[in-house]
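I would like to see how this sequence folds:
(one chain, ligands or ions: 3)
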Amino acid sequence: MNELVTPVVVGFVIGIAFVVTFSILPNPSAMVTTLGESIVGENVTQHYTFSSPMNLLNAYGTGGIHITSYGNNVYLTWYAPVPVNATERERGLIASSDAFFARSSDGGTTFSPKISLTNRTMVNDPLIAADEDSVYLLWTATGRYEKITDAYDDIFFRASQDNGATLGHIINLSDNVGNSQHPQIAVSGNNVYVVWEDYTTAKGQILLRTSNDRGNTFGSLINLSRDTESSQAPQIAVYNNHVYVVWHDIEPEDRIVFRASNDNGATFSKPINLRTVHTGASCCPKIATSSNDVYVIWADNELGELYSGYYNLHFRASHNRGITFDHIINLSEIARDYKIAASGKNVYVTWTNVLQVNSTIENAEAFFSRSTDNGIRFEKPINLSNNEGSSGNQQIAVSGNKVYVAWVDHTLGYDEILFRGSDDNGVSFGRLINLSNSTGISVDPRIAVADEKVYIAWVEFGDESHNNGIFFVRTIN
Ligand SMILES: [Ca+2]
Ligand SMILES: [Ca+2]
Ligand SMILES: [Ca+2]
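Ligands and ions are numbered 1, 2, ... in the order given. Reported below is the predicted structural model:
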């Protein structure tokens with residue numbers, strides 16, 4: 001689901017990677033004031049200053065970027081098209097892609113050259129997580145195959161124990177006949193959890209593998225779903241030894257299914273269906289946890305399908321580690337593209353509120369709402385964007401009392417990455433900041449936070465103002 005409000009080039013373009021020397025080009029004259037006349041929830045005492053955008057990779061067709069940070073280290077992964085080699089051509093492949101990794105050990109001032117993560121083909125969905133000196137990388141690619149017609153996706157994993165300086169061997173976590181897709185990763189101490197949807201049987205299954213030694217070895221497969229039901233879109237959250245997994249069952253009816261483990265993923269509770277209505281469609285849960293509390297949001301359209309993009313954003317909280325959940329809170333009736341984060345007793349949700357101007361034009365807005373009582377009540381939402389163009393694809397990051405939201409905005413007539421930060425737990429936000437300032441298409445923002453620093457990366461489809469690439473900014477004092 002997760003529709004973007006912006007055009008995105010999808011697929012593998014057999015690319016010509018232009019090698020261009022790095023440069024910061026002058027910004028076009030995009031005045032911040034044209035992005036929103038009335039800044040809602042503005043607190044002018046809050047200032048955020050970012051470095052000029054740095055192009056980490058002058059290349060076309062990159063996507064799927066993810067960023068994370070720990071201490072002074074910043075880690076980035078993405079996929080990009082690569083030429084088909086002789087073996088692949090022999091096997092019937094006409095396009096291929098690889099996953100890449102780059103790191104900074106100086107707070108995002110400089111980055112290492114990119115390295116290829118795999119010799120597999122058709123790489124997709126790279127993900128990254130970091131904890132202390134460990135870095136975990138995950139991606140989807142073709143498993144063993146003779147001809148592309150008998151190729152199936154598997155989930156691959158690779159760890160570093162030295163801040164990304166060297167990477168360990170590649171582990172194929174699924175290694176089965178049938179597509180293994182849409183992985184998610186969560187980390188707590190020495191424990192690493194990888195969950196994905198798997199089509200080894202006719203129906204989608206939610207599979208989990210756990211490592212208790214920082215990704216050196218993994219335990220056996222656990223099937224969290226039931227063979228008779230088709231399941232997809234798993235999400236995972238961990239807190240100490242508690243592991244929470246939620247997913248979407250599409251058969252025999254739409255359900256949002258939750259299971260909890262209190263023993264580092266060794267055993268799981270019985271499935272709970274969080275969805276209490278039994279008509280219409282639902283989709284795409286997101287999960288967050290803090291201490292004993294677990295929070296889940298998802299899309300619900302009791303009246304029909306979700307194609308319209310108009311649906312309820314439903315929320316439920318558990319205060320006892322997922323044993324029971326409070327009743328449903330309806331956060332919005334015109335939401336899409338939602339995210340959730342938690343810190344202490346606070347829960348933060350951001351989503352796109354869809355406001356249709358006419359049949360072809362919509363003005364979507366980036367909304368934000370918070371709860372300060374573990375999700376029992378939510379405050380009146382703040383319209384973070386409050387401007388005339390489409391605003392959406394928000395990302396949120398939280399650190400202590402800081403809340404950061406970035407999104408894609410089309411108000412200027414081209415896509416820009418906008419940012420607002422809060423240093424008072426989301427009570428108020430500083431001014432809008434245009435991070436990209438380019439007439440080219442700027443999409444897919446990703447935020448990482450560590451040691452009071454904010455790092456944001458996005459994909460740029462360049463024009464005369466900027467080159468193509470993955471662009472990166474960091475907060476500076
Ligand atoms: Ca597979
Ligand atoms: Ca807007
Ligand atoms: Ca732009």
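
Please tell me how far the closest residue to ligand 2 within the chain sits from Trp298.
Ligand 2 sits closest to Ser391 of the chain, with a gap of 3.6 Å, by Cβ to the ion. Backbone N, C-alpha and C define where each C-beta goes, glycine included. Distance of Ser391 to Trp298, given as Cβ to Cβ, to the nearest Å: 22 Å.

and if you look at Asn240?
For Asn240, the distance to Trp298 - Cβ to Cβ - is 25 Å.

if I read this right, Asn363 contacts Gly389, doesn't it?
Yes. With contacts counted by Cβ atoms under 8 Å, Asn363 reaches Gly389, the gap being 6.6 Å.

Tell me who's in contact with Ser220.
The contact partners of Ser220, taken as Cβ atoms under 8 Å, 6 or more residues apart in numbering, are Arg209.

Look at it and tell me its secondary structure.
coil (DSSP: H, G, I helix; E, B strand; the rest coil).

ok, now the one 5 residues further on?
Using three-state DSSP, the secondary structure recorded for Ser225 is coil.

Show the contacting residues for it.
204-206, 231, 247, 249, 257, 271.

average model confidence for whichever strand or helix holds Trp351?
Element membership for Trp351 (DSSP states H and E) is strand 346-356. Rounded to a whole number, the mean pLDDT of strand 346-356 is 91.

and if you look at stretch 169-189?
96.

and it, which residues are buried?
Going by neighbour count (16 or more other Cβ atoms under 10 Å), the buried part of stretch 169-189 is 170-171, 173-174, 176, 178-188.

Now the two most distant members of those.
Spanning the widest gap among the buried residues of stretch 169-189 are Gly178 and Ser188, at 29.2 Å by Cβ to Cβ.

Around ligand 2, pick out the residues from this protein.
Within the chain, the residues that sit near ligand 2 (Cβ under 5 Å from the ion) are 363, 365, 385, 387, 391.

before we move on, what SS does the first one have?
Secondary structure, three-state DSSP: Asn363 is strand.

In the sheet, which residues pair with it? Tell me.
Leu355 (DSSP bridges).

Could you report the neighbour count for it?
By other Cβ atoms under 10 Å, the residues close to Asn363 number 18.

How about the third one?
For Ser385, the tally of surrounding residues (other Cβ under 10 Å) stands at 30.

ditto for the second one
Summarising burial for Glu365: neighbours were counted as other Cβ under 10 Å, giving 26.

Give me the helices and strands touching the strand or helix carrying Trp196, please.
Assigning secondary structure by DSSP H and E places Trp196 in strand 191-198. Applying 3 or more Cβ pairs under 8 Å, 6 or more residues apart in numbering; DSSP states H and E, one finds that strand 191-198 contacts strand 153-160, strand 180-188, strand 205-211, strand 231-239, strand 242-249.

so what strands line up beside the last one?
Using DSSP bridges, the neighbouring strands of strand 242-249 in the sheet come out as strand 231-239 (antiparallel), strand 255-261 (antiparallel).

How about the shortest one?
Within its sheet, and counting by DSSP bridges, strand 205-211 is paired with strand 191-198 (antiparallel), strand 222-223 (antiparallel).

From the chain's centroid, how far away is stretch 318-327?
Its chain's average C-alpha position is 25 Å from that of stretch 318-327, according to Cα atoms, centre = their mean, to the nearest Å.

how long is that stretch from one end to the other?
10 Å (Cα to Cα, to the nearest Å).

and what of stretch 200-208?
End-to-end distance for stretch 200-208: 14 Å, by Cα to Cα.

Quick one: neighbours of the closest residue to Asn477 other than its chain neighbours, just the number.
Nearest residue to Asn477 in three dimensions, chain neighbours excluded: Thr49, at 7.1 Å (Cβ to Cβ, 6 or more residues apart in numbering). As a burial measure, Thr49 scores 9 neighbours (other Cβ under 10 Å).

OK, now which residue of the stretch 201-350 of the chain is nearest to ligand 3?
Counting by Cβ to the ion, the stretch 201-350 of the chain gets nearest ligand 3 through Asp337, at 18.6 Å.

With the stretch 51-200 of the chain instead?
Pro53 (9.9 Å).

Next, count neighbours for Phe419.
26.

and the angle from the helix or strand it falls within to strand 346-356?
Assigning secondary structure by DSSP H and E places Phe419 in strand 416-422. Using axes from the mean of the first three to the mean of the last three Cα atoms, to 10 degrees, the inter-axis angle of strand 416-422 relative to strand 346-356 is 140 degrees.
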